[in-house]
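Peer 1: Here is a sequence together with a model predicted from it:
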Amino acid sequence: MKIEKIINNNLVRSINDKGQHVILMGCGIGFQKKVGSQVDESKITQIYTLQDKSSKLEELLTRVPEEHIKTANEVINYIKSSLGKKLNDNIYITLTDHISFAVERFKKGIVVKNALLWEIRRFYNHEYLIAKEALQIIKRRLNVELPEDEAGFIALHIVNASMNSVDLGITTEMTKVIDRILSIVKYHFKVDIDEYSLHYERFLTHLKFFVQRVFTDAEIDEPDKGFLLVLKEQYRNEYLCTLYERI
């Protein structure tokens, strides 16, 4: 690969063998180099391949302290290995920016409470536990002990990237809707749901996929009208619960 642009001593822009614009990170990778010179690939520690986000990513990597970037990269690598599934590469922008801002904010004594922390722990427990470990990575690398509320925010970034979404606001609204649906079920049937039961886990999984389809306008197969009629007749009370309008 050849250098297309030198951002700073540790960041250069290039084009990979697939014709994609990439930003390469590495200690001294741009030091005393010129545009058009060959990239020293032995110095590459991170490759960003956000084709349509390159200008925004470039601005972010230039603005954010290098140690914050390295910390975010370690956090994201941990998230990927823990989840075992592909994430939207936009997380390199959103989570890096969030971590850096959260650290700087905390150093100034500004603490932001996460109003959805309780719901996040309930609905996205796996992502939340991963985010808790992310706080330990941040503490070890930056000597900053962020509050538990930040684990909730990081968990939402993980959920957002898992859904291949670019709008964290949608993930936040989805969390609120899931909470509202569960409240409706509890109110309608006048029961306390055992949140440690297998039935609850299955129901919650269905709710997540349902709400995700609603918010992303995902198409699903036309329902079997005969099956729907059977449900309405044999599970009348459950069907009436689903008709509650003020979700």
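Peer 2: Yep, it's here.
Peer 1: following the helix or strand of the chain with the lowest mean pLDDT, which helix or strand comes up?
Peer 2: When each helix and strand of the chain is scored by mean pLDDT, DSSP states H and E, helix 225-234 comes last, with a mean of 75. As assigned by DSSP states H and E, the chain's next helix or strand after helix 225-234 is helix 236-242.
Peer 1: Can you name every helix or strand that that following helix contacts?
Peer 2: helix 168-189, helix 225-234 (3 or more Cβ pairs under 8 Å, 6 or more residues apart in numbering; DSSP states H and E). Quick note: C-beta positions are derived from backbone N, CA and C, even for glycine.
Peer 1: which one of those helices lies closest to Ser42?
Peer 2: Ranking these by proximity to Ser42 (Cβ to Cβ) places helix 168-189 first, at 36.5 Å.
Peer 1: Please save the CA atoms from that closest one in CSV.
Peer 2: Provided in CSV are the C-alpha atoms of helix 168-189 (Å, rounded to 0.1, in the frame of the first residue of the first chain):
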residue,chain,number,x,y,z
LEU,A,168,-28.1,5.3,18.9
GLY,A,169,-31.4,7.1,19.5
ILE,A,170,-33.3,4.2,17.9
THR,A,171,-31.7,1.7,20.3
THR,A,172,-32.6,3.9,23.2
GLU,A,173,-36.2,4.2,22.1
MET,A,174,-36.4,0.4,21.5
THR,A,175,-35.3,-0.1,25.1
LYS,A,176,-38.2,2.1,26.3
VAL,A,177,-40.7,0.3,24.1
ILE,A,178,-39.6,-3.2,25.4
ASP,A,179,-40.0,-1.9,29.0
ARG,A,180,-43.5,-0.5,28.1
ILE,A,181,-44.6,-3.8,26.6
LEU,A,182,-43.5,-5.8,29.7
SER,A,183,-45.4,-3.3,31.9
ILE,A,184,-48.5,-3.8,29.8
VAL,A,185,-48.2,-7.6,30.1
LYS,A,186,-47.8,-7.4,33.9
TYR,A,187,-50.7,-5.0,34.2
HIS,A,188,-53.0,-7.0,31.9
PHE,A,189,-52.5,-10.3,33.6
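Peer 1: residues making contact with that helix?
Peer 2: For helix 168-189, the external contacting residues (Cβ atoms under 8 Å, 6 or more residues apart in numbering) are 94, 116, 119-120, 123-124, 156-157, 159-160, 163, 165, 192-193, 204, 207-208, 211-212, 214-216, 237, 240-241, 244, 247.
Peer 1: average pLDDT for it?
Peer 2: Confidence over helix 168-189 (mean pLDDT, whole number) is 88.
Peer 1: What residues of that helix count as buried?
Peer 2: Across helix 168-189, burial judged by 16 or more other Cβ atoms under 10 Å covers 168, 170-172, 174-175, 177-179, 181-182, 184-185.
Peer 1: Ok, stretch 27-45 next?
Peer 2: By neighbour count on 16+ other Cβ under 10 Å, the buried set for stretch 27-45 is Ile29, Gly30, Lys33, Val39, Asp40, Lys43, Ile44.
Peer 1: Just the residues contacting it, thanks.
Peer 2: Contacts to stretch 27-45, defined as Cβ under 8 Å, 6+ apart, come from residues 1-12, 14, 24-26.
Peer 1: top of those by neighbour count?
Peer 2: Highest neighbour count within the contacts of stretch 27-45, by other Cβ atoms under 10 Å: Val12, with 28 neighbours.
Peer 1: packing partners for the host helix or strand of that residue?
Peer 2: Assessed by DSSP H and E, Val12 sits inside strand 11-15. If you count contacts as 3+ Cβ pairs under 8 Å, 6+ apart, strand 11-15 packs onto strand 3-8, strand 21-25, helix 54-63.
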